[in-house]
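> fold the stuff below for me.
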Amino acid sequence: MAAPSLLTSTPVSVLPQQPRLARWQQLVTPSWLANLAAGVDVHAAPRGHWRLFEVGCGGADLFHSGHIGGAGYIDTNSIEQAPLWNKVADDVLLTMLLDNGIGHDSCVVLYGRNTLAAARVAHLMLYAGVRDVRLLDGGLGAWSAAGLPLVPGQARRHAPLARFGTPFPAHPEYLIGIAQAKALLCQHDGALVSIRSWAEFSGQTSGYDYIAARGDIAGARWGRAGADGDIHSMSEFQNPDGCMKPARDLCRFWGEAGIHRGRQTAFYCGTGWRASLAFFYAWLMGWEHISVYDGGWYEWSGDAANPIAAGAAFEYAERSMLGGFGLRT
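Prediction:
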């Protein structure tokens, strides 16, 4: 299934450009995936069975027109629900995983035409307790840019499982609700982190045609996202090719905002996709006390009693009081 020029008889590196990631093996390259699928030895090979899935949102037709060979398909509508686009009930999430042959001991490799969709599912699989979740760096775009082929046709189906294999969810701490988000704002070691564009954080726009309120959560820290006006952009975190920027770049701008690995940190955005990618990158870097606030700005802004601040005014007032973000512990 892979272009001969990218296949090798010796093990290949997973992510040589990110050697300092604590969980480097969970972010894979197109050449690694192509070699794995072709039966060539690779570094950090899965132990036991593995599954490949494309993740999309209403993208089944695109998938059928061309996808990575051997991939199944997961739609985000199966793991989140209206009106807030929060996670589905745990029993529904469990059924989706079991129906796709995914259990606690599975290795699952995810990719997307939009990597944010894949990150959303990756986060919820980690929440569920899937032991080995990997993300294709750069998604389908990186695969195609490497000259690797797409195949048309139906999604691969795996035999369903009867049991997940561990108490479900295994990591409930990876997901918090609004009460926990409010409590986090009061913790001296807490950080509620907005993964939204500057225009969203500073109240110039809500970012969404279905969210009217502008501004952001009072007391939240700006963790950045991407280009103003594009809720699918994570250009602060990714290179133009969609691959993750060096971890030191993320740690630098987070550190400038008082976001450090030792804090109890919850990421949020509008409805969860961008926050999930920030979570996954922090998880790759070995950050332990992290979660996603699932309701995000959509839920918070829906209650007029919740405090809201325009980010620019809040941020610079706090910076003035503290003498700079970097001095806060």
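
> which stretches of the stretch 51-200 of the chain form strands?
Using DSSP state E, counting those that start in this stretch, the strands of the stretch 51-200 of the chain run over 72-75, 80-81, 86-87, 107-112, 132-136, 175-176, 190-194.

> make a markdown table out of those strands and add mean neighbour count, distance to Leu277 and mean pLDDT.
Any C-beta I mention is one placed from the backbone N, CA and C, and that applies to glycine too. As requested, those are exported to a markdown table (neighbours: other C-beta atoms under 10 Å; distance: least, C-beta to C-beta, whole Å; pLDDT from 0 to 100):
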| stretch | mean neighbour count | distance to Leu277 | mean pLDDT |
| --- | --- | --- | --- |
| strand 72-75 | 21 | 16 | 98 |
| strand 80-81 | 17 | 15 | 96 |
| strand 86-87 | 20 | 16 | 97 |
| strand 107-112 | 25 | 11 | 98 |
| strand 132-136 | 23 | 9 | 98 |
| strand 175-176 | 22 | 15 | 98 |
| strand 190-194 | 25 | 13 | 97 |
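
> can I get these in TSV including distance to Val40?
TSV is the format used below for these (distance: least, C-beta to C-beta, whole Å):
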stretch	distance to Val40
strand 72-75	22
strand 80-81	36
strand 86-87	37
strand 107-112	15
strand 132-136	17
strand 175-176	37
strand 190-194	40
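
> tell me which of those sits nearest to Trp222.
strand 190-194 (5.5 Å; C-beta to C-beta).

> for that closest one, which strands pair with it and how are they oriented?
strand 221-222 (parallel), strand 264-268 (parallel) (DSSP bridges).

> picking up where we left off before, could you point out which of the strands of the stretch 51-200 of the chain sits nearest Ala212?
strand 190-194 (17.8 Å).

> how about residues contacting that closest one?
With contact meaning C-beta atoms under 8 Å, 6 or more residues apart in numbering, strand 190-194 is reached by 181, 183-185, 200-201, 216-217, 219-223, 254, 257-260, 263-269, 278, 293, 297, 311.

> nearest spatial neighbour of Leu97, chain-adjacent residues omitted?
Nearest non-adjacent residue to Leu97, counting by C-beta to C-beta, 6 or more residues apart in numbering: Ala128, 6.2 Å away.

> ah, wrong one, I meant Phe267
Closest to Phe267 by C-beta to C-beta, 6+ apart is Ala275, at 4.1 Å.

> now the one you found: how far from Ile231?
As judged by C-beta to C-beta, to the nearest Å, Ala275 and Ile231 stand 12 Å apart.

> please apply the same query to Arg134.
Distance from Arg134 to Ile231, by C-beta to C-beta: 25 Å.

> grab the CA positions of stretch 197-205 and hand them over as CSV.
Coordinates of each C-alpha in stretch 197-205 appear next as CSV, following Å, rounded to 0.1, in the frame of the first residue of the first chain:
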residue,chain,number,x,y,z
SER,A,197,-7.6,32.8,18.8
TRP,A,198,-6.7,36.2,20.1
ALA,A,199,-9.8,37.7,18.4
GLU,A,200,-12.0,35.3,20.3
PHE,A,201,-10.1,35.6,23.6
SER,A,202,-10.2,39.4,23.5
GLY,A,203,-13.8,39.6,22.7
GLN,A,204,-13.7,40.8,19.1
THR,A,205,-15.7,37.8,17.9
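
> grab the longest helix from the chain for me.
helix 115-128 (DSSP state H).

> grab the nearest non-local neighbour of the residue nearest in space to the middle of the chain.
Centroid-nearest residue in the chain, with C-alpha atoms, centre = their mean: Leu277, separated by 2.5 Å. Residue nearest to Leu277 in three dimensions, not counting chain neighbours: Ala119, with 3.9 Å by C-beta to C-beta, 6+ apart.

> pretty sure the one you found contacts Ser276?
Yes. Using C-beta atoms under 8 Å, Ala119 and Ser276 qualify as a contacting pair, with a distance of 4.4 Å.

> got the phi and psi for Arg156?
Main-chain dihedrals, Arg156, degrees, to the nearest 10: phi -70, psi 140.

> the one 3 residues further on too?
In terms of degrees, to the nearest 10, the main-chain angles of Ala159 are phi -60, psi 130.

> same question for the one 4 residues further on.
In this entry, Arg163 is assigned phi and psi values of phi -140, psi 150 (degrees, to the nearest 10).
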